[in-house]
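Asker: Got a sequence here, can you model it:
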Amino acid sequence: MVVASDKQPPFPKPPAQVEPYMEALGLEDTLRFLEEFGGIETYIASHPSSRSKIAACVGYAKAKMLSEVSERLQRRTPQAKVWRAKVYRSQGLPISKIATKLGVTDVTVRSYLADLPK
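Answerer: Sure, this is the predicted structure:
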């Protein structure tokens, strides 16, 4: 009998710096947020505006949820390229598309994915 907690998610476990985003936003919105804000300093308001860039990216409700975990976030939003590459691959994206989404070469993506089972 398989217990729900024994199941592995269909995507790789996020690194520690991404976990708060996952808790607040879920997988798809975390990916969208990292694509939009990864690598730059991002101010997370304690009372976000419905017109903010963050609310435009993930929606007002999730922007509020993000503000609740803001003390656990780094000032600069992580890019988490290796993790994102593995997630995109688990979703079935081809290496060329992953490379485009991450702004790296296909060779780099292959190196990111080298430890995944074939």
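
Asker: what's the nearest residue to residue 18 if we skip its chain neighbours?
Answerer: Closest residue in space to residue 18, ignoring its immediate chain neighbours: residue 80 at 5.1 Å, by CB to CB, 6 or more residues apart in numbering. To be clear about C-beta, it is placed using only N, CA and C from the backbone, and glycine gets the same treatment.

Asker: Settle this for me: that neighbour is touching residue 38, isn't it.
Answerer: Yes. Counting by CB atoms under 8 Å, residue 80 touches residue 38, with 7.0 Å between them.

Asker: before we move on, back to that, and the pLDDT at the residue nearest to residue 18?
Answerer: According to the prediction, residue 80 has pLDDT 97.

Asker: wait, what's in contact with it?
Answerer: 14, 15, 17, 18, 34, 38 (CB atoms under 8 Å, 6 or more residues apart in numbering).

Asker: The last one - how many residues pack around it?
Answerer: Okay, so that is residue 38. By other CB atoms under 10 Å, the residues close to residue 38 number 18.

Asker: thinking again about what came up before, which of the contacts of residue 80 tops the neighbour count?
Answerer: Going by other CB under 10 Å, residue 18 tops the contacts of residue 80 with 23 neighbours.

Asker: That one and residue 106: what is the separation?
Answerer: 23 Å (CB to CB, to the nearest Å).

Asker: What is the longest helix belonging to the chain packed up against?
Answerer: As assigned by DSSP state H, the longest helix anywhere in the chain is helix 19-37. Contacts defined by 3 or more CB pairs under 8 Å, 6 or more residues apart in numbering; DSSP states H and E place helix 19-37 against helix 53-58, helix 60-68, helix 81-90.

Asker: winner for burial among those?
Answerer: helix 81-90 (a mean of 20; mean count of other CB atoms under 10 Å).

Asker: got the CA positions of the next helix or strand after that one in CSV?
Answerer: Next helix or strand after helix 81-90 toward the C-terminus (DSSP states H and E): helix 95-102. What follows is helix 95-102 as a C-alpha-only set of coordinates in CSV (Å, rounded to 0.1, in the frame of the first residue of the first chain):
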residue,chain,number,x,y,z
ILE,A,95,16.2,20.4,-24.7
SER,A,96,16.2,23.2,-27.3
LYS,A,97,13.0,24.7,-25.8
ILE,A,98,14.5,24.5,-22.3
ALA,A,99,17.7,26.2,-23.5
THR,A,100,15.6,29.0,-24.9
LYS,A,101,13.6,29.4,-21.7
LEU,A,102,16.7,29.5,-19.6
